[in-house]
Structures are given as structure tokens and as C-alpha cells.
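[1] got a structure for you, letters missing:
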């Protein structure tokens, strides 16, 4: 299984935003803090914005915030926002995959791998991945 740089960078950027949800962060600040190439991060954040996972505001008081609470953003949401399909075979989705003869059972294995990966990623939210101190801060802001 391959985890793309886009999915990794997107998740790290969202965790950075989730760690201090009370203030906006610039792409430059996120890139610097997470040691992510700025140009690449800029395009990834654009995809996250289009998916509703981040929101932005221009200007000197602007930057990026989470588009919804950290406990409502699963890793599966992040991966699908930047990569589309969770698992593909030679760039194609697994839905119509069909093999003849002795390999007839193999597409079911690939689909099960995809289903199990989706279950793991769908069960993990950004807030669950935050260190305890940041998680408490996120909860306090959400309750305000």
C-alpha cells in the first residue's frame, strides 16, 4: 500500500491547524513547522479548502483554520480529499476489477484490503492524533 506525500502533508498540515484552533496559520508557518515544501503545501491546502476541510481568510489577520472541528475530520476524509480513491490498481478503482480462472478470488482480496484500510482511517480523527495538551485545548475551544 502506498501513502502519498500529498496525504501525509495534508494530514500534518491539518494537525498543525488542529493543535491551535483559536488562531489562523499561514501556509508559510505550517510549512516551516512541519518541514514541508511550501509550494507543494500551497497546492495541498487548496485541495483541502475545496473539500471543506480548511477555510481561509485573506489579509494581515488571515490564514487558515480547520473547516470543521478536529473530532469531525477523519483521516479517511483527508486521504480522499487529496488522493481521491483510497486504493487503486494501476491507477484504476477496484470496483469493476474482475479476473478469470485461478485469479478469480484476487479482486475480493484487494477490495477487502481497501475496506479494512478505510475502516482504520475512518475511525481515526485529527483530535485522536493530537498530543493530550493540544487535545484539551481543542476541546475547550469547541465547547466555547
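    Done, it's in. In this text, all values refer to a predicted model and were calculated from it rather than measured experimentally.
[2] secondary structure class for residue 113?
    Secondary structure for residue 113, judged by DSSP: H, G, I helix; E, B strand; the rest coil, is helix.
[3] what's it in contact with, if anything?
    1, 87 (C-beta atoms under 8 Å, 6 or more residues apart in numbering). (Each C-beta comes from the backbone N, C-alpha and C, glycine too.)
[4] at 10 Å what do you get?
    Neighbour list for residue 113: 1, 86-87, 94 [criterion: C-beta atoms under 10 Å, 6 or more residues apart in numbering].
[5] try residue 82
    4-11, 43-48, 51, 53.
[6] Just the ones of those residues in helices?
    Applying DSSP state H to the contacts of residue 82, the entries found in helices are 5-11, 43-48.
[7] which pair in those spans the largest distance?
    By the measure C-beta to C-beta, 8 and 46 form the most distant pair in the ones in helices among the contacts of residue 82, at 16.6 Å.
[8] related to what we said a few turns ago, buried subset of the contacts of residue 113, written for PyMOL?
    Selecting only the buried entries of the contacts of residue 113 in PyMOL, with 16 or more other C-beta atoms under 10 Å as the criterion:
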select buried, resi 86+87+94
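[9] Give the ranges of residues in this structure that sit below the confidence cut-off.
    133-144 (pLDDT under 70).
[10] Could I get the full set of helices for it?
    5-19, 27-34, 38-50, 75-83, 106-123, 126-129, 132-143.
[11] Would you convert the ones you listed into CSV that also reports distance to residue 68?
    Shown next, in CSV, are the helices of the chain (distance: least, C-beta to C-beta, whole Å):
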stretch, distance to residue 68
helix 5-19, 11
helix 27-34, 18
helix 38-50, 11
helix 75-83, 9
helix 106-123, 15
helix 126-129, 10
helix 132-143, 10
